[in-house]
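In: Okay, sequence plus prediction incoming.
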Amino acid sequence: MIKITFLGTGSHVPSRARNHTAMLLSYEGENILIDCGEGTQRQFRYARLNPCKVTRILITHWHGDHVLGLPGLLQTLALSGYNKKLIIYGPKGTKEFMKKMFEVFVFREKFPIEVEEVQGKFFENKDFYLEAKPMIHGIPCNAYCFVKKGQVRIDKDKLKKSGLHPGPLLQKIKEGKDVIYEGKKYKAKNLTSRDNDKKIGFVLDTSMNVGIVPFVKDTDVLIMESSFESSLGEKAKEYKHLTAKQVAEIAKKAQVKKLVLTHVSARYDKNPKKILDEAKKIFKNVVLVKDLEELRV
């Protein structure tokens, strides 16, 4: 099960209702923080989550509302005895920004930090992989996808018909390897099936561009910024953001299963349904999240 905790769902100015942007994706011992706006470590406390369990941080871009919580979080980790290697991924320029951050803040690094500037598939293990795609926001900016690989399963009926007896060889079959038993070859593809992958997309702070739809195609959950309603389309274009209508159109074209709206302007605190209703006219399976809400996939 993949769990996403929305630590902050606001945009460039926080409000009483919404903190600056941050999300935590948790899966099988991995806790991946996507952005770290101001106040994120306090949001961890409100959510009753331990920041010391964070394993990776994905930075979409280096505007303050997405990263100003990073120095404080790193300081807290150091003071709390964090002893793992923390890997921070981001767009072009991330290494230089991290270097400047350590120059500006009085920070004694007490644990290893690795910084990587990424595009394309940049991490993979047996369970999942991570991808990055450059967006358009005036400064280097990435969208990200987390893809949980579908599990390979032994088809019991096919196994029974094949005559191959259960035993140690089944592990090799499950790994996709053909085996030979009593002089007969058994092909893995004939004895197994594979679950569908689970794909989660994160697209924050970007203007409309042709790269979004193919990158988030067929996502199970697409989490996108929705800073403006379409009546403010010119302002959205000026600041290189998306409207709720544009986000819904992207979700429809990309054939996503569920759309989640976040990064909402404080101007909608009294009536957030404006954003939600605009998107629902185009794409039905959409929700507008609040701070500290959880989503399980």
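Out: Structure's in. What do you need?
In: Closest to the mean position in the chain, which residue would that be?
Out: Nearest to the mean C-alpha position of the chain, counting by C-alpha atoms, centre = their mean, stands Phe202 at 4.8 Å.
In: name the element the closest residue to that residue other than its chain neighbours belongs to?
Out: Nearest non-adjacent residue to Phe202, counting by C-beta to C-beta, 6 or more residues apart in numbering: Tyr144, 4.7 Å away. C-beta here means a position set from N, CA and C on the backbone, and glycine is covered the same way. Taking DSSP states H and E as the criterion, Tyr144 maps to strand 142-148.
In: Let me see the mean pLDDT of whichever helix or strand comes after that strand.
Out: Next helix or strand after strand 142-148 toward the C-terminus (DSSP H and E): strand 152-154. In this model, strand 152-154 has an average pLDDT of 78.
In: Pairing partners for strand 152-154, with directions?
Out: strand 192-194 (antiparallel) (DSSP bridges).
In: Now do the strands in the stretch 151-297 of the chain.
Out: 152-154, 179-181, 184-186, 192-194, 198-203, 221-225, 258-262, 286-288, 294-296 (DSSP state E, counting those that start in this stretch).
In: Point out the most buried one among the ones you listed.
Out: Compared across these, strand 221-225 shows the largest average neighbour count, a mean of 26 (mean count of other C-beta atoms under 10 Å).
In: Any figure for the gap between the nearest residue in space to His20 that is not next to it in sequence and Ile57?
Out: Spatial nearest neighbour of His20, excluding adjacent residues (C-beta to C-beta, 6+ apart): Gly37 at 2.5 Å. Going from Gly37 to Ile57 by C-beta to C-beta, to the nearest Å gives 12 Å.
In: Give the residue from these two that has the larger number of neighbours.
Out: Gly37 (26 against 23; other C-beta atoms under 10 Å).
In: ok, the more buried one to Glu238 distance?
Out: 22 Å.
In: now do Lys290
Out: Lys290 sits 27 Å away from Glu238, going by C-beta to C-beta.
In: ok, these two, which is more surrounded?
Out: A count of neighbours by other C-beta under 10 Å puts Lys290 above the other of Lys290 and Glu238, at 13 against 10.
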